[in-house]
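Enquirer: coordinates only, sequence not included:
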């Protein structure tokens, strides 16, 4: 499904870019070879980044410690 119509970026392309750990929405656009146009999709990308961060911010190391992912 297309998330960014202006740049023809799909949800899978954006998820792949987000999973690379980019620090800003504009970094995600750049990773996809695009740049922000109208900005309507920026909040969706930011939400993807928050969801990814929440899922991957820390990982148990198997010995009771939590380390950054």
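Expert: That came through fine. All values derive from a computational prediction rather than experimental measurement.

Enquirer: for the residue nearest to the spatial centre of the chain, give me its contacts.
Expert: With distances taken as Cα atoms, centre = their mean, the residue of the chain nearest its centroid is residue 18 (2.4 Å). Applying Cβ atoms under 8 Å, 6 or more residues apart in numbering to residue 18 gives the contacts 28, 45, 48, 49, 52. Placement of C-beta: from N, CA and C, glycine included.

Enquirer: by pLDDT, give me the weakest of those.
Expert: When those are compared on pLDDT, residue 52 comes out lowest, with 89.

Enquirer: is it in a helix, a strand, or coil?
Expert: helix (DSSP: H, G, I helix; E, B strand; the rest coil).

Enquirer: pretty sure it contacts residue 22?
Expert: No - using Cβ atoms under 8 Å, residue 52 is not in contact with residue 22, being 9.8 Å away.

Enquirer: wait, isn't residue 17 in contact with residue 32?
Expert: Yes - between residue 17 and residue 32 there is a contact under Cβ under 8 Å: 5.2 Å.

Enquirer: who has more neighbours out of those two?
Expert: Neighbour tally, residue 17 and residue 32, criterion other Cβ atoms under 10 Å: the higher count belongs to residue 17, 22 against 19.

Enquirer: quick check: phi and psi on the more buried one?
Expert: Here is the backbone geometry of residue 17 (degrees, to the nearest 10): phi -70, psi -40.

Enquirer: where does pLDDT dip in the chain?
Expert: The chain contains residues with pLDDT under 70 at 55-69.
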